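Enquirer: any chance you can model this:
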Amino acid sequence: MKKSVIFLLVATLLAPSLFACGKKQEPLLSKDVEVFEKVNFNLETPAAEIDRVDFVQGLNTGHNMLSAIVLQGLVNKTRPRVYVTAPWSSMGVDVEAKRQEILQVYGDVALKTLPLDASPAHKTATAFWTIFNKYKDEVERMFVFPSELKFNDAINVAAMLAGRNKGIAVSPLLADQLEAEGYTLPRVNVLEYMNLSGKDAAGKDKANYLTINNWIADNMVAGSNRTIVYIAVPRYREQGGEFLPNYYDLAVATDGLIYNAGYDFLEAGEAYQKKILDQFPDCTPVCGWADMAMEGVFVHTLSKAGKFLLAIDWGYGNGSVFGAFPEYSRETPVNGEMPASYEAENGKIYAAFVMSDGDAWHFTAGSNIGNFAWRQQGYAAAGGDFPMGWSFDCTFAVCNPLIMRWYYETKSPRDNFIQAASGISYIYASKMPERSRENFLKISALELKKAGLDVMEYWDLDKAGQGGRANELVGDDYGVIARYADVIKPQAMFRGHNSLTGNYEFVNGMLTIEKLGNWFAKDGIESYGGVDTPDEIVKVLEHFRAQKLAADKPLFLLFDVDAWGVGVSMVPDAIGAIRAGAHSSAYEFVTPNQLIAGIKTYESKKS
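Expert: Just a heads-up that it's a prediction; the model follows:
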């Protein structure tokens with residue numbers, strides 16, 4: 001390659017303002033601050049025929065698979081043309097096959113299998129070489145990240161530079177192999193480029209998670225898409241493992257800023273995160289996930305920074321394909337109009353269920369496809385149909401409109417969709433700066449209406465900054481909850497996921513219902529979320545029947561069904577067990593909308 005091209009590379013890298021960036025958003029509420037409005041991926045319409053690359057376990061090591069996904073993002077940045085399979089099944093449903101079906105039917109594209117590279121020399125990088133063999137003419141350079149685990153924050157830098165400079169992100173081993181096979185791509189050592197290679201005067205590595213991420217804050221924000229940020233948490237680093245999300249294709253294709261959160265969120269880690277996020281518009285979504293043990297502090301730090309979370313774990317792939325289709329929108333409620341009334345009998349329990357974690361893209365586009373397909377096929381241990389609520393994320397309208405259409409257009413009349421916590425997506429509202437929260441509420445009101453979602457979930461820490469004794473997450477800042485009633489105006493708000501009471505109340509005219517989880521099923525042992533099994537559902541129902549059911553009034557109960565439990569089959573299994581029991585006549589199982597209407601009808605008659 002000619003030297004002039006290398007000089008062009010240096011000029012491009014040293015002038016971040018030359019990088020492609022996202023559409024600048026106009027403020028919604030305040031003229032003195034830039035405010036996020038909607039995600040803008042800036043992706044072209046996908047090709048009519050897309051190359052499908054089959055992922056084969058054992059033929060792709062971690063670093064080599066990451067290189068394949070970054071290359072996929074680079075190719076799809078020009079126009080989405082590559083789809084990499086991600087084998088997965090749930091509830092006996094082949095989820096990957098269903099995703100491909102949705103893509104082809106709703107996206108009107110064809111998937112054509114790209115023959116896998118068969119070279120024995122490439123057997124640990126099959127996906128990378130399969131893509132590279134066809135699209136190598138679109139690659140002009142390679143960015144080499146260090147293979148040592150302690151430097152893995154530099155992988156994000158290599159991925160960003162590759163996406164913005166027609167490059168690939170590779171390990172030294174893969175770079176050597178490319179050169180040995182005659183590819184004369186200019187080679188950029190990422191640590192050297194950042195001036196972080198070698199040791200400092202004290203004999204310590206110049207590169208570490210603080211220096212690398214501070215370098216990102218100082219050098220990579222300019223030119224980044226200003227409507228979305230990507231975060232990874234190297235949660236296994238201390239145990240000698242690695243966290244390499246396969247959503248890199250989306251981040252690379254959309255010129256996203258990628259950074260690693262400080263593993264333990266010490267003060268220094270939160271400081272560089274704030275340094276990065278303060279350079280983006282108010283309420284910009286941050287796309288990624290932390291270890292579940294860190295969830296509270298992770299979401300808390302983003303909320304304090306005035307941003308909100310798009311929860312994506314390692315299992316969300318092909319975002320650069322699914323995110324390239326036109327936005328899906330509907331102005332009428334997806335569940336139909338709320339029933340005008342629903343008569344509840346005294347001395348009877350009315351129970352409804354909501355599948356949790358619909359805000360987690362990797363769940364909604366992954367295992368929950370299996371749940372929903374299984375449910376739509378009519379399998380129910382209780383016999384026949386059963387009522388079910390599903391938390392969902394309105395951001396799918398822009399970020400994955402095809403899968404949103406599939407859910408909406410295949411639902412049964414007894415399926416209700418509910419916006420997942422806590423607005424347009426996941427935050428702790430009471431911990432946000434007031435201006436950011438007001439912006440967030442207005443954005444949420446617009447997006448929920450477009451998605452046809454008129455009931456929502458709400459998760460929040462209490463005023464002490466804790467989730468509560470049983471991690472209830474029902475929140476206790478009624479001033480904030482009242483603002484939801486005033487701005488978003490949902491038909492009802494479902495609070496928390498492991499309430500100790502299951503109570504309901506009205507706040508500024510808005511019905512709020514606390515969701516029950518597995519606390520009572522575990523006999524008071526500290527627990528962390530929704531019900532996981534049919535036995536837990538039955539135990540909680542029977543607890544409330546014995547303790548709270550009165551002859552002179554109905555009892556209304558709302559369950560949080562844990563997304564990470566045994567699957568949606570736990571609901572019909574529990575219903576079947578109750579119907580076969582001695583107290584079956586005490587129960588009625590209803591949709592969330594029927595539960596809402598039942599409470600409102602009962603309370604209106606009381607008054």
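
Enquirer: find the centremost residue of the protein, please.
Expert: Centroid-nearest residue in the chain: residue 311, 2.7 Å away (criterion: CA atoms, centre = their mean).

Enquirer: excluding chain neighbours, what is closest to residue 401?
Expert: Nearest residue to residue 401, sequence neighbours excluded (CB to CB, 6 or more residues apart in numbering): residue 328, at 3.7 Å. All C-beta spots, glycine's among them, are computed from the backbone N, C-alpha and C.

Enquirer: from memory the one you found sits against residue 395, does it?
Expert: No. At 11.0 Å, residue 328 does not count as touching residue 395 under the criterion of CB atoms under 8 Å.

Enquirer: between the two, which one's more packed in?
Expert: residue 395 (23 against 20; other CB atoms under 10 Å).

Enquirer: tell me the contacts of that one?
Expert: Neighbouring residues of residue 395 by CB atoms under 8 Å, 6 or more residues apart in numbering: 39, 285, 310, 424, 425, 447.

Enquirer: which ones are touching the residue nearest to residue 401?
Expert: By CB under 8 Å, 6+ apart, the contact list for residue 328 reads 396, 397, 401, 402, 404, 405, 408.

Enquirer: where does the stretch 351-500 of the chain dip in pLDDT?
Expert: Across the stretch 351-500 of the chain, the ranges flagged by pLDDT under 70 are 378-384.

Enquirer: run the chain-centre distance for stretch 158-165.
Expert: Relative to the chain's own centre, stretch 158-165 is displaced by 23 Å; criterion: CA atoms, centre = their mean, to the nearest Å.

Enquirer: hmm, who's touching it?
Expert: The contact list for stretch 158-165, computed with CB under 8 Å, 6+ apart, reads 9, 12-13, 19-20, 66, 70, 73-74, 77, 140-145, 167-170, 188, 190, 193, 216, 220, 223-224, 248, 251-253, 255-258.

Enquirer: what about the strands in the stretch 401-550 of the chain?
Expert: Using DSSP state E, counting those that start in this stretch, the strands found in the stretch 401-550 of the chain span residues 415-419, 455-458, 492-499, 504-507, 510-516.

Enquirer: which of the contacts of stretch 158-165 fall in helices?
Expert: Those of the contacts of stretch 158-165 mapping onto helices are 9, 12-13, 66, 70, 73-74, 77, 190, 193, 216, 248, 251-253, per DSSP state H.

Enquirer: what's the closest of those to residue 369?
Expert: Distance to residue 369 across the ones in helices among the contacts of stretch 158-165 (CB to CB) is lowest for residue 248, with 21.8 Å.

Enquirer: what about the closest one, how many residues close to it?
Expert: Residue 248 has 32 nearby residues by other CB under 10 Å.

Enquirer: if I look at the closest residue in space to it that isn't next to it in sequence, what pLDDT would I see?
Expert: Excluding the flanking residues, the one nearest residue 248 by CB to CB, 6+ apart is residue 69, at 4.6 Å. pLDDT, residue 69: 95.

Enquirer: my read: residue 69 touches residue 83, true?
Expert: No. With contact defined as CB under 8 Å, residue 69 does not reach residue 83; the gap is 11.5 Å.

Enquirer: looking at the two, which is more packed in?
Expert: Neighbours per residue (other CB under 10 Å) separate residue 69 from residue 83, with residue 69 holding more: 30 against 27.

Enquirer: tell me the one among the ones in helices among the contacts of stretch 158-165 nearest to residue 228.
Expert: Distances from residue 228 to the ones in helices among the contacts of stretch 158-165, taken by CB to CB, are shortest for residue 251, at 8.6 Å.

Enquirer: pull the number of nearby residues for the closest one.
Expert: Residue 251 has 31 nearby residues by other CB under 10 Å.

Enquirer: wouldn't it be in contact with residue 258 here?
Expert: Yes. Here residue 251 reaches residue 258: they are 5.2 Å apart, a contact under CB under 8 Å.

Enquirer: name the residues contacting each of these two.
Expert: 159, 160, 230.

Enquirer: just the buried ones out of the residues you listed, please.
Expert: Burial by neighbour count, 16 or more other CB atoms under 10 Å: within the shared contacts of residue 251 and residue 258 this picks out 159, 160, 230.

Enquirer: taking the residues you listed one by one, which sit in strands?
Expert: residue 230 (DSSP state E).

Enquirer: using TSV, please lay out the buried ones among the shared contacts of residue 251 and residue 258 together with distance to residue 594 and pLDDT.
Expert: Putting those into TSV (distance: CB to CB, whole Å; pLDDT from 0 to 100) gives the following:
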residue	distance to residue 594	pLDDT
159	48	96
160	49	97
230	40	94
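
Enquirer: now the buried ones among the shared contacts of residue 251 and residue 258 as JSON lines including distance to residue 502?
Expert: Converted to JSON lines, these look like this (distance: CB to CB, whole Å):
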{"residue": "159", "distance to residue 502": "46"}
{"residue": "160", "distance to residue 502": "47"}
{"residue": "230", "distance to residue 502": "37"}
